[in-house]
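Peer 1: Give me the fold of what follows.
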Amino acid sequence: MSIAYLNGEYMALEEARISPLDRGFLFGDGIYEVIPYYGGKSVGLIPHIERMIDGLGSIEIKCNKSVDEWKELLDEVIARNDGANQNLGVYVHVSRGADTKRFHAYPENVEPTIFCFTFAIKDPEPVDREKVTAYSVTTTQDLRWKRCHIKSTALLGNVMHFQQGYASGNNECLLYNDKNELTEGSSVNAFIVKDGVVITPIQDNQILPGITRRIIIDSLKADGSIPVEERTVTMDEVLNADEVWISSSSKEIAPVVKIDDKPVGDGKVGQVWEKAFGIYTAAKFDHS
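Peer 2: Numbers count the residues shown, from 1 in each chain. This is a model prediction of the structure:
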């Protein structure tokens with residue numbers, strides 16, 4: 001039984017209740033995070049918290065918890081769910097709260113709703129290109145809003161793009177803008193590899209500032225053995241890449257071997273992925 005946190009109280013997840021007038025329910029008016037813990041050890045906890053605080057500030061939700069207070073709360077949620085003995089993700093959701101009416105403008109004197117729960121996550125993939133789970137993706141034009149750098153709970157655009165990939169028998173959907181430039185996936189960031197160089201789209205309002213993305217870039221740069229570039233990536237480059245990866249807190253670095261039913265490179269998981277994933281795996285717990 002998962003123990004959830006809701007507005008200062010711990011309870012069984014199925015007992016958690018919010019008002020139907022909560023703006024998170026009515027408008028998707030909130031910010032969320034998903035943070036992985038492996039045997040009680042978090043990956044990117046402080047960067048996740050800092051991104052959440054930045055997101056709350058971006059949409060003017062006043063939530064006065066400090067980084068340390070958030071860390072204490074999330075560690076407690078993990079502990080109450082026996083996180084030391086299993087791999088768990090913790091979902092954190094902060095909405096603007098419940099008003100007395102449905103009205104688009106931000107209400108005053110409303111307390112934010114804070115909700116957290118845990119769920120099981122799979123063991124990390126092996127650092128072995130012969131054994132790792134390989135992914136297939138489809139592609140489509142990015143039709144979401146222009147503030148994708150904010151991790152909003154209003155995810156309908158992402159859900160619809162993900163469904164497009166899922167319904168076609170793929171694991172994800174890679175997105176491109178009206179200039180035919182790669183942005184990200186419906187629930188992931190994206191990387192390509194060409195001639196041994198790892199390349200990922202520059203961070204702007206078109207993509208989420210992924211914590212796993214940041215750890216990948218920082219750990220590869222610190223190691224120094226694999227060149228990394230952050231720049232515009234065209235879809236022609238994606239389709240002609242030697243390797244393609246997608247990344248997220250739950251997937252870590254997942255190799256893509258097929259795009260729109262066509263093989264990536266030789267259709268096999270690449271050697272650069274294997275080396276990079278080893279570097280990331282050795283460094284991931286250093287970013288909490």
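
Peer 1: Tell me which stretches of the chain form helices.
Peer 2: 23-27, 45-58, 67-80, 156-167, 211-223, 235-239, 271-283 (DSSP state H).

Peer 1: would you list those helices in JSON lines and tack on distance to residue 245, mean pLDDT and mean neighbour count?
Peer 2: Heads up, the C-betas are built off the backbone N, CA and C, glycines and all. What follows is those, written out as JSON lines (distance: least, CB to CB, whole Å; pLDDT from 0 to 100; neighbours: other CB atoms under 10 Å):
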{"stretch": "helix 23-27", "distance to residue 245": "32", "mean pLDDT": "98", "mean neighbour count": "19"}
{"stretch": "helix 45-58", "distance to residue 245": "20", "mean pLDDT": "98", "mean neighbour count": "19"}
{"stretch": "helix 67-80", "distance to residue 245": "27", "mean pLDDT": "97", "mean neighbour count": "17"}
{"stretch": "helix 156-167", "distance to residue 245": "16", "mean pLDDT": "98", "mean neighbour count": "16"}
{"stretch": "helix 211-223", "distance to residue 245": "8", "mean pLDDT": "98", "mean neighbour count": "20"}
{"stretch": "helix 235-239", "distance to residue 245": "11", "mean pLDDT": "98", "mean neighbour count": "17"}
{"stretch": "helix 271-283", "distance to residue 245": "6", "mean pLDDT": "98", "mean neighbour count": "19"}
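
Peer 1: looking at those helices, which is closest to residue 253?
Peer 2: helix 271-283 (5.1 Å; CB to CB).

Peer 1: Show me the contact partners of that closest one.
Peer 2: With contacts defined as CB atoms under 8 Å, 6 or more residues apart in numbering, helix 271-283 is touched by 124-125, 127-129, 132, 193, 196, 198, 215-216, 218-220, 222-223, 225-226, 242-243, 245, 252-253, 255.

Peer 1: which ones among those are found in strands?
Peer 2: Among those, the subset assigned to strands under DSSP state E consists of 193, 198, 243, 245, 252-253, 255.

Peer 1: Could you identify which of those has the most neighbours?
Peer 2: Within the ones in strands among the contacts of helix 271-283, most neighbours by other CB atoms under 10 Å means residue 245, with 28 neighbours.

Peer 1: ok, the residue lying closest to that residue once chain neighbours are set aside - how many residues close by?
Peer 2: Nearest residue to residue 245, sequence neighbours excluded (CB to CB, 6 or more residues apart in numbering): residue 191, at 4.3 Å. By other CB under 10 Å, the residues close to residue 191 number 28.

Peer 1: Tell me who's in contact with residue 191.
Peer 2: Taking CB under 8 Å, 6+ apart as the test, what residue 191 contacts is 198-200, 216, 244-247, 253.

Peer 1: again, only using 10 Å
Peer 2: With CB atoms under 10 Å, 6 or more residues apart in numbering as the criterion, the residues that contact residue 191 are 182, 198-201, 213, 216-217, 228, 233, 238, 241, 243-247, 253, 255-256, 272-273, 276.

Peer 1: Not counting its neighbours along the chain, what's nearest the residue most central in space within the chain?
Peer 2: Nearest to the geometric centre of the chain sits residue 248, at 4.4 Å (CA atoms, centre = their mean). Spatial nearest neighbour of residue 248, chain neighbours left out: residue 188 (4.5 Å); criterion: CB to CB, 6+ apart.

Peer 1: surely the one you found meets residue 200?
Peer 2: No. Counting by CB atoms under 10 Å, residue 188 does not reach residue 200; the two are 11.4 Å apart.

Peer 1: Between the two, which has more neighbouring residues?
Peer 2: More neighbours surround residue 188 than the other of residue 188 and residue 200, with 27 against 23 (other CB under 10 Å).

Peer 1: follow-up on the earlier one: tell me, what's the model's pLDDT at the residue nearest to residue 245?
Peer 2: Looking at residue 191, its pLDDT is 98.
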